[in-house]
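Visitor: Here you go, sequence then predicted model.
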Amino acid sequence: MSARAGAEPAAGDAPEPAGRGASLLGLAHVATCSFLAARLAPSGHFWLALGGGIALARVGDRHGLRAGYGASLAAIAQTIALIGPARVSGPLTQAFNAPLIGRMQGRGASRAARLAACFAIRLAHYAVTTLLVVLVIVGGTQEFVATYDRLVGWLPLVPTGDTAAVIAVIALSMAAGAGFSVIQVLAYERALGRWPAEGPAAAAPVAHPGERSPRRVSLAIGAVAAAWTILLALPAWPVLGAVTAALVIAWGIGRQFPRDVVRLGAALAAVLALGALFPAIIGAVELDDALRRAIRIALLVLTATWARAAVGAPALRHAARRAFWHVRALPSAREAAAITEDLESDARLGPAARDLGERLRDVPHEVLPVADALTEWVAAEATAYETP
């Protein structure tokens, strides 16, 4: 029986046909492991996230676009629940395009069509992230152009100014997008064409009603949303001071926080704050402006870290599932709610990462050998995954 409009799904409301669940959840788990590793690693983000892309391409190929993007949303939500939203943009590109590329390949689309789709999604993602970096971290287009001019002004025959800065960004985005798109499409093509044989899948994940999200989760998310809104709208010194004081009080009255979460949040805040200070370090902008932006970006990270540490990953997963269910009219939201309900990768993250490291240890740094090793890891880890 279908759930009433606006109500949570009942135990029998399966969002997708039966017979696909075990493989679907296993592949979503693999995407979570891969994306989390990509966000945590100091380098090699693309290659670490490529395994998650292969898993999601397999979902798109075998289960369709709605399930593919549902698994993408669930995997991203899982990593945010574990370590917060910082550095989430790295795996987002593969989360955006992998299900589509896998579905296109399953339907016999040409390699050129798949490359074009992958490239277009990458360019759109680069445009959004570049805009955010320019506005939030660098401080605006004038500051960005001044930083560009200071960096390249000493090079002979390199043009400077507004037009040159825009052309440089577009050229770099297109070059990176083309290169990464070729690697992605070739890796997905080889992985899906050489996928190990699988047994029959078990029942599909089903969204359950569960209990209401604790009030402290709603309060924590609301507090972070309010802090982010005011920090982005008005990064003045009094605002920065007020948010800092509130954050210190919140940390002080909270419970014992997980040290790994706190260390990761502090490290990410320091790296991003240093990036915001860089234009001032090279003399492109005023120190006061850069310092305010550095403190703002650090507070954006640390407020999210506080929420993650205060309420815990399970509560944030539950809140994400409820959010997906409330917007279930949107494509893939219902599937994301069902997968998030049953997906819990915490206990297997360490063993999965060690297994991946062992498989890649002696693999030549070439696309096809890496794709083969990743495919074996994705298939083995997805098959071994058991629903909690």
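Guide: Perfect, thanks for sending it.
Visitor: Every contact and neighbour count from this point should use C-alpha atoms.
Guide: Fine.
Visitor: Pull the number of nearby residues for the closest residue in space to Ala294 that isn't next to it in sequence.
Guide: Distances taken as Cα to Cα, 6 or more residues apart in numbering place Ala273 nearest to Ala294, at 4.3 Å, with adjacent residues excluded. Look at Ala273: counted by other Cα atoms under 10 Å, it has 23 neighbours.
Visitor: 519 is where my numbering starts, stick with that
Guide: With the count now opening at 519, the last piece we talked about shows up as Ala791.
Visitor: Tell me which residues touch Ala791, please.
Guide: Counting by Cα atoms under 8 Å, 6 or more residues apart in numbering, Ala791 makes contact with Arg811, Ala812, Ile813, Ile815, Ala816.
Visitor: Reduced to three states, what does it come out as?
Guide: helix (DSSP: H, G, I helix; E, B strand; the rest coil).
Visitor: Thr648 versus that one, what's the distance?
Guide: 17 Å (Cα to Cα, to the nearest Å).
Visitor: Return the mean pLDDT over stretch 637-651, rounded to an integer.
Guide: For stretch 637-651, the mean per-residue pLDDT is 93.
Visitor: That one: which residues count as buried?
Guide: Phe637, Ala638, Ile639, Arg640, Leu641, His643, Tyr644 (16 or more other Cα atoms under 10 Å).
Visitor: In helices, which of these fall?
Guide: Mapping these onto helices (DSSP state H) picks out Phe637, Ala638, Ile639, Arg640, Leu641, His643, Tyr644.
Visitor: mind listing what the fifth one touches?
Guide: Residues near Leu641 by Cα under 8 Å, 6+ apart: Ser691, Met692, Gly695.
Visitor: how close does the residue nearest to Ala812 sit to Ala664?
Guide: Taking Cα to Cα, one finds Ala791 at 19 Å from Ala664.
Visitor: what do you get for Ala642?
Guide: Noted for Ala642: a distance of 25 Å to Ala664, by Cα to Cα.
Visitor: Ok, His844 next?
Guide: Distance, His844 to Ala664, by Cα to Cα: 45 Å.
Visitor: Also Arg712?
Guide: 50 Å.
Visitor: ranges for the helices of the stretch 769-906 of the chain?
Guide: Using DSSP state H, counting those that start in this stretch, the helices of the stretch 769-906 of the chain run over 777-799, 805-829, 831-844, 851-860, 867-878, 885-902.
Visitor: nearest to Leu675, of these?
Guide: For those, proximity to Leu675 was assessed by Cα to Cα; helix 777-799 is nearest, at 22.5 Å.
Visitor: Tell me the pLDDT of the closest residue to Thr762 other than its chain neighbours.
Guide: Among residues not flanking Thr762 along the chain, Leu817 sits closest, at 7.2 Å (Cα to Cα, 6+ apart). The model reports Leu817 with a pLDDT of 91.
Visitor: Same check on Asp890?
Guide: On the pLDDT scale, Asp890 is placed at 88.
Visitor: Would you confirm that it contacts Leu710?
Guide: No: counting by Cα atoms under 8 Å, Asp890 stays clear of Leu710, with 10.2 Å between them.
Visitor: where do the helices sit along the stretch 569-718 of the chain?
Guide: In the stretch 569-718 of the chain, the helices defined using DSSP H, counting those that start in this stretch lie at 583-601, 607-624, 629-650, 659-670, 680-711.
Visitor: Would you pull up how far the last one lies from the middle of the chain?
Guide: How far helix 680-711 lies from its chain's middle: 18 Å, per Cα atoms, centre = their mean, to the nearest Å.
Visitor: Show me what the next helix or strand after it packs onto, helices and strands only.
Guide: Next helix or strand after helix 680-711 toward the C-terminus (DSSP states H and E): helix 733-751. Taking 3 or more Cα pairs under 8 Å, 6 or more residues apart in numbering; DSSP states H and E as contact, the helices and strands that helix 733-751 lies on are helix 755-771, helix 805-829, helix 831-844.
Visitor: Against which helices or strands is the longest one packed?
Guide: So that's helix 805-829. helix 583-601, helix 733-751, helix 755-771, helix 777-799.
Visitor: Can you find the helix or strand in this protein with the smallest mean pLDDT?
Guide: Sorting the helices and strands of the chain by mean pLDDT, DSSP states H and E puts helix 867-878 at the bottom, at a mean of 74.
Visitor: For the protein, which residues score under the pLDDT cut-off?
Guide: 519-540, 560, 604, 715-732, 772-774, 863-868, 906 (pLDDT under 70).
Visitor: mind running it again at 50?
Guide: 519-540, 718-730 (pLDDT under 50).
Visitor: So which residue is smack in the middle of it?
Guide: Val606 (3.6 Å; Cα atoms, centre = their mean).
Visitor: Touching, that residue and Ala556? I think so.
Guide: No: here Val606 does not reach Ala556: they are 9.0 Å apart, not a contact under Cα under 8 Å.
Visitor: so what's Val687 up against?
Guide: Contacts of Val687 (Cα under 8 Å, 6+ apart): none.
Visitor: rewinding a little: most tightly surrounded among the helices of the stretch 769-906 of the chain?
Guide: Of all these, helix 851-860 carries the top mean neighbour count, a mean of 27, counting by mean count of other Cα atoms under 10 Å.
Visitor: Does Val819 touch Leu786 like I think?
Guide: Yes: when contacts are counted by Cα under 8 Å, Val819 is listed as touching Leu786 (7.3 Å).
Visitor: quick revisit: tell me which of the helices of the stretch 769-906 of the chain sits nearest to Leu633.
Guide: Comparing the helices of the stretch 769-906 of the chain by Cα to Cα, helix 885-902 comes nearest, at 15.7 Å.
Visitor: Let me know whether Ala683 touches Thr665 as I believe.
Guide: No: under the criterion of Cα under 8 Å, Ala683 makes no contact with Thr665, lying 9.5 Å away.
Visitor: about what we covered before: next, format the helices and strands packed on helix 733-751 as TSV and append distance to Ile748.
Guide: TSV is the format used below for these (distance: least, Cα to Cα, whole Å):
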stretch	distance to Ile748
helix 755-771	8
helix 805-829	10
helix 831-844	23
